[in-house]
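**Student:** predicted model and sequence follow; I will ask about them next.
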Amino acid sequence: MNSSKIGFLIAVAVVVILFLSSVFTVSERELAIKFRLGKIIKADYQPGLHFEIPFINNVRKFDKRILTLDARPANYLTKEKKNVNVDFFVKWRINNVSMYYTAMSGEERKAMERIYTTIN
C-alpha cells in the first residue's frame, strides 16, 4: 500500500469516529439534557436520533418513567400507648428535567433523600 491509501484510510477512520461521537439517541423512556461547556443549552428532546458537537457538547439522560421510593417500615407509639407499624412508598417522576438537574445536580439519590425528608 502506498502512503496516499494509508492517509485516505486514516482520514475516513477519523471522519467515522467524529460522526459516531456526534450522534446520540433518546428513547421514549428517557429525558435528555444537552450541555455546552457545562451550561444547559437544551432540555426538551423528543425521542429519536439527535446530533451534538463532540468534545464541546455533553448529553445526560434521565429516566422518564414513574420511579418508586420504598421506605423501611417504622414503629411509632401513639397517645394511647399502642405500637403502630407504618410502611409507605412514594411514586414520583421528573416533569421538568432542567429544573430537576439544577436542583439535584442530576443525582437520583439526592432526590430520594429530599422526598424522604419531606414525607418523614
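**Tutor:** Cool, the structure landed. Numbering: from 1, shown residues only.
**Student:** secondary structure element holding the residue most central in space within the chain?
**Tutor:** Nearest to the geometric centre of the chain sits Phe62, at 2.3 Å (CA atoms, centre = their mean). Here Phe62 sits within strand 57-63, counting by DSSP states H and E.
**Student:** repeat for Phe55
**Tutor:** Phe55 belongs to no helix or strand, assigned by DSSP H and E.
**Student:** gap between it and Ser21?
**Tutor:** Between Phe55 and Ser21 the distance is 8 Å, computed by CB to CB, to the nearest Å. Backbone N, C-alpha and C define where each C-beta goes, glycine included.
**Student:** more neighbours: the two, which one.
**Tutor:** When neighbours are counted by other CB atoms under 10 Å, Phe55 and Ser21 differ, and Ser21 comes out ahead with 12 against 9.
**Student:** tell me the pLDDT of that one.
**Tutor:** pLDDT for Ser21: 89.
**Student:** number of residues surrounding the closest residue to it other than its chain neighbours?
**Tutor:** Closest residue to Ser21 apart from its sequence neighbours, by CB to CB, 6 or more residues apart in numbering: Pro54 at 4.2 Å. If you count neighbours by other CB under 10 Å, Pro54 ends up with 14.
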